[in-house]
Structures are given as C-alpha cells and as structure tokens.
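Mind folding the following:
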Amino acid sequence: MRSRENYTPFVTTGFGLTLAILLVFQVYIVREPSRIQVVESADRAEAVKAGRDLYADNCVACHGATGEGKAGPALNSSELLKMTADQTFFSLIRSGIPGTVMPAWGQTFGGPFTDEQVTQLVAFVRAWEPTAPQIIPVVIAPDPVRGATIFANTCFTCHGENGKGTTRAPALNDLTRLKEFDDLWYRNTISRGRPAKGMPTWGTVLSPMQINDVVALLAAWRQGQTIAPAAVSNTKHLSNALFALRQFDSLDAVFYLSAASSQADASKAKEIRAVIDLIKANHLFEAESRLIALLPPTEMGKELYESNCAPCHESDGSGGLGKRLLNNKFIQSKSDKELVSFILTGRKGTAMNGFQNIIGEDELINVVALMRVWQK
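This next block holds a predicted model:
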C-alpha cells in the first residue's frame, strides 16, 4: 500500500500566510484613514495657497486683504462662513451676482477662472473659518434729508416743490393725507407704483435704501417738520436742464434753470435768464446751444463720472475697486472714440460692466474729456 501524503506543512504554511495577509490588511485599514487625512491635508494646503494668490490678484480691491470687506461684503465673517456651504460660494464666484459689481469669474459664464481655480478660492476663504471674527453688519438708518434730496431731484416734477402738489399729481406734504396712510403703504406705493393713476414703479429705479429715505421724509412731514434737501450744485441744475430740454420738457428745463440762476454769480445768472427767455419763446435749439456753452465738457463729465464711475475708480480717479485712471497708459493710447466704445461695452470677466443703454455717446464724450485732464 502507498503511504498517505502529509499535507500538514502546506496547510500550516498557507494558514500562516493567510494570517500574515490578514494582519497586513488590518494594519493597512488602521493606517489608511490617517494616510488619507495627510494626503487630503496636503491637497487642501496646496489649494489654499493657490487660492491665496488668486484672491490677492483679483479680490482684495472689493473684499479687503483679510476679507474684512470694502466695496464688496466681508467674507471673513464667522456667521457668513457658518451659514454658507462651499457649493454656494463656488456658485456665486463662478456665476457672479447680477445687479451688483460682482462679476462672473467662471469660464462657463465668461470669466477668467477654471472650476479648479474657483475651488481653490473657496478653499482659501473657508480657511478663515476657525479664526473668523463676528462682524455686525452696519445698518444705515433712513435719512429724511437724503429723502428730501431725492424728492427735489425726482419726485417734485409731479408732486411739486416740497411736495405741495401740481396739476399732474396730488400734494404729498398734506397732513390729512399723510395721516391717512402709514409708512408701509407709502413704501409699497413708491416701490410698486400706481399705474392706473399714472404713478411709475420706482422700485426699478430707486434702491430700497433710497425708498426708505423718501418714506422717512414723508414721516417727518407727518410730524410737521420742514426738511431741506442737501445742496445741489449749480452744474447739476444746468445738466438736468439740458437733459429736460433735449426731452422737449420746457417746464422742467425752466425749473432747473431758475434754481441754477439763484446760485450763480451776476454774469452767469444773466446768461441763464437769457436761456430761459429763449425757452419761453420756444426757440429750443438756440436755448440748447446757449446752455451747452454754460457747461464745459469736463464739468458735465464730472457729474456723470460721480454718479457712474466714482464708486469703483474714486472721485479723483485714483482707483480702488476699479483701475487707477490718473496717468493711465491705456487711456493715453486710445482715441476719444475708442474710449467711448470701451466704456459702452465694458470689459468681459471683470466688474467693469458696459454702459450701453445707460449713458449716451454724446454724454460719454464728456466723461472722456474729464479723464483726459487726468493724464500727463
């Protein structure tokens, strides 16, 4: 008979190898999370470093060097970081926020950044969270003086100077009417308008804060107070008169010219009254020509610049959110026509939105005239 083969050594060896494999696998399982954590930490640190460079080059002007906020909101805020998911930050950076100076940064939406770069920016902002301070938002209280200034420049054409009413619209500075409706009613009416009554929808023109200022003015009138608007410059009155004249609105043109005349010196007041006489005689084109002569292009440009450009480029062109315009090589290298075209179309992928359908070419040439003064 053949002797039986002894498999014991093979079984023992196999069992030992199996135990060794299981032991190595257990060691791997135990060590893998920490290894993954080390790798993820290294990746995160690399993303934060890349995001820091992107932030420094593109975001500091709006949000501040440490995320404290400037033209844009504060990002280094414990409440904001606690309540906002990474995906939300990613989406806002990528697509921008319509109606604000926050442009789209993602390439999909015309910006300069890839999705990876947007992710790196989010990683950098998120890295502030452990030490982020609590930032209490600044609340700007409604101001009746600001409201009176808005009213004097916008609402008076229908509701009369100081709200005393005209044939176009009823008096608002009337105690009986003011007590009939509360602030909420007036706020909603200003915002939504009353189309059937000929009242425009001002919510698409005035900001919520401006509407609150006008409501504050009405509340002051309700208390019997007299609120004077902030001083309006002579140039502003004249430019408003020119706009009204170009719209063939003689009544408003005369109103603004009369206001300008009361602020002008004797020589200029005489010329303004001559323009008023031409308007009353229905010689509108001659009146327009004489009025333009009273407004140097740089002065007209300054009015437009203050309203549309100064928030980004500063009143003196020294730059902030937008580029510095003083001694600017780009401006110096372009013709007036090219600069007007650039301002109309804007620069894609930046906060420089175009002013097409906002400011006309004939007005922008005055802004260019102002910028020319700032060059060497």
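
For the rest of this, base every contact and every neighbour count on C-alpha atoms.
Fine.

Let's see the pLDDT reported for residue 350.
According to the per-residue confidence, residue 350 scores 66 in pLDDT.

Hmm, I typed the wrong one, I wanted residue 24.
73.

which SSE is it in?
Secondary structure assignment for residue 24, by DSSP states H and E: helix 8-58.

Which helix or strand lies directly C-terminal to that helix?
Heading C-terminal from helix 8-58, the first helix or strand you meet, by DSSP H and E, is helix 60-63.

need the next SSE after that following helix, C-terminal direction.
Following helix 60-63 in sequence order, the next helix or strand is helix 78-83 (DSSP H and E).

about what we covered before: tell me how far the helix holding residue 24 lies from the chain's centre.
48 Å (C-alpha atoms, centre = their mean, to the nearest Å).

for stretch 319-330, same thing?
Going by C-alpha atoms, centre = their mean, where stretch 319-330 is centred and where its chain is centred differ by 18 Å.

swap in stretch 80-95?
With C-alpha atoms, centre = their mean as the basis, the distance from the averaged C-alpha position of stretch 80-95 to the chain average is 19 Å.

for stretch 60-69, same thing?
Its chain's average C-alpha position is 15 Å from that of stretch 60-69, according to C-alpha atoms, centre = their mean.

Return the set of buried residues in that stretch.
Within stretch 60-69, the residues that qualify as buried by neighbour count (16 or more other C-alpha atoms under 10 Å) are 60-64, 67-69.

from these, which single one is nearest residue 157?
residue 62 (37.1 Å; C-alpha to C-alpha).

any idea how far residue 79 is from the closest one?
Separation of residue 62 from residue 79 (C-alpha to C-alpha, to the nearest Å) stands at 19 Å.

can you check residue 205 too?
Taking C-alpha to C-alpha, one finds residue 205 at 31 Å from residue 79.

who's more crowded, those two?
Neighbours were counted for residue 205 and for residue 79 using other C-alpha atoms under 10 Å; residue 79 has more, 15 against 11.

Please report the distance of that one from residue 136.
Counting by C-alpha to C-alpha, the gap from residue 79 to residue 136 is 9 Å.

excluding its backbone neighbours, what's nearest residue 151?
residue 214 (6.9 Å; C-alpha to C-alpha, 6 or more residues apart in numbering).

Test my guess that the one you found contacts residue 154.
No. Between residue 214 and residue 154 there is no contact, the gap being 10.6 Å when judged by C-alpha atoms under 8 Å.

Compare the two (neighbour count), which wins?
For residue 214 against residue 154, the residue with the higher neighbour count under other C-alpha under 10 Å is residue 214, and the figures read 25 against 11.

Give me the residues contacting whichever strand or helix holds that one.
Element membership of residue 214 [criterion: DSSP H and E] is helix 208-222. Under the criterion C-alpha atoms under 8 Å, 6 or more residues apart in numbering, residues 142-148, 150-151, 172-175, 178-179, 183, 186-187, 190-191, 203, 226-227 lie in contact with helix 208-222.

what about 7 Å?
142-144, 146-148, 151, 173, 175, 178-179, 183, 186-187 (C-alpha atoms under 7 Å, 6 or more residues apart in numbering).

again with stretch 340-352
Contact with stretch 340-352 is made by 101-105, 110-112, 353-356, 361, 364-365, as judged by C-alpha under 7 Å, 6+ apart.

Counting neighbours, show which residues of stretch 288-308 come out buried.
Within stretch 288-308, the residues that count as buried by 16+ other C-alpha under 10 Å are 288, 290-291, 294-295, 297-305.

Need the max-distance pair from those residues.
290 and 305 (23.2 Å).

Domain-wise, how is the protein divided?
The domain map for the chain lists 33-131, 144-222, 315-376, with the assignment taken from automatic domain parsing.

what distance separates the start and the end of the second one?
Distance between the two ends of domain 144-222: 12 Å, counting by C-alpha to C-alpha.

Measure how far that domain is from the centre of its chain, please.
Taking C-alpha atoms, centre = their mean, one finds the center of domain 144-222 at 24 Å from the center of the full chain.

pLDDT weak spots in the stretch 151-300 of the chain?
Applying pLDDT under 70 to the stretch 151-300 of the chain picks out no residues at all.

just the helices in it please.
156-159, 175-180, 183-192, 208-222, 234-246, 250-263, 266-280, 284-293, 297-308 (DSSP state H, counting those that start in this stretch).

what's the closest of these to residue 321?
helix 297-308 (13.2 Å).
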